[in-house]
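J.: Let's see this in three dimensions:
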Amino acid sequence: MKLNDLKPNPGAKKERKRVGHGIAAGQGKTAGRGTKGQRARTGEGGRLYRQGGNLPFFRRLPFVRGKGFTPPYSTEYNEVNLDQLDGFKADAEITPETLDSARLLRNPQNPVAILGRGEIKKALKVRVHRVSSGARAKIEAAGGTVELIG
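T.: Purely as a prediction, here's the structure:
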């Protein structure tokens, strides 16, 4: 086989359809554009705001994005449940740094919130940004302490 023998696969290359070249060509006269109307004309096909009676795209966007308004400056927390704290030893101090080293945080820059799913049997010293009331009750019932970081 030589370089001059190479050819594309059959059907891979297709000639461009030349419209408006007479009635025998199959795409003569109106050249597949129909008769009259905005799409039959040359030039720009209207602007973004014109959508034939529909609500324009950028006025429809707030409804498409989701339910309601998402505040741009809301705080996103790393959520850690009590059943995830089972791996720590008794009397261990739980801080955002120890949780990060245990790979329990999604984004170490975000503050940490402890939630109350699961049970806890060991006494732990918890120092995080936020604790749910159920989680606080379970930690203190197991003999641990909860301290909030500012």
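
J.: quick one: low-confidence parts of this structure?
T.: Low-confidence segments of the chain (pLDDT under 70): 44, 65-68.

J.: Spell out, range by range, the strands that occur in the protein.
T.: Secondary structure of the chain, counting by DSSP state E: strands at 78-81, 93-94, 112-115, 125-128, 130-131, 145-148.

J.: hey, which of the ones you listed is tucked in deepest?
T.: With neighbours defined as mean count of other C-beta atoms under 10 Å, the strands of the chain peak in mean count at strand 112-115, which reaches a mean of 21. All C-beta spots, glycine's among them, are computed from the backbone N, C-alpha and C.

J.: Dump the strands of the chain into a markdown table; add distance to S101 as well.
T.: Shown next, in a markdown table, are the strands of the chain (distance: least, C-beta to C-beta, whole Å):
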| stretch | distance to S101 |
| --- | --- |
| strand 78-81 | 13 |
| strand 93-94 | 11 |
| strand 112-115 | 13 |
| strand 125-128 | 14 |
| strand 130-131 | 20 |
| strand 145-148 | 19 |
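
J.: between those strands, which one is nearest to L104?
T.: Closest approach to L104 among the strands of the chain is made by strand 78-81 (5.4 Å; C-beta to C-beta).

J.: what about stretch 96-111, how long is it end to end?
T.: Its start and end residues considered, stretch 96-111 measures 8 Å (C-alpha to C-alpha, to the nearest Å).

J.: Okay, buried residues for that stretch please.
T.: P96, L99, L104, L105 (16 or more other C-beta atoms under 10 Å).

J.: The chain: helices as residue ranges?
T.: Ranges of helices within the chain are 57-65, 96-101, 133-141, based on DSSP state H.

J.: quick one on the thing from earlier: farthest-apart pair in the buried residues of stretch 96-111, please.
T.: P96 and L104, at 9.8 Å, using C-beta to C-beta across the buried residues of stretch 96-111.
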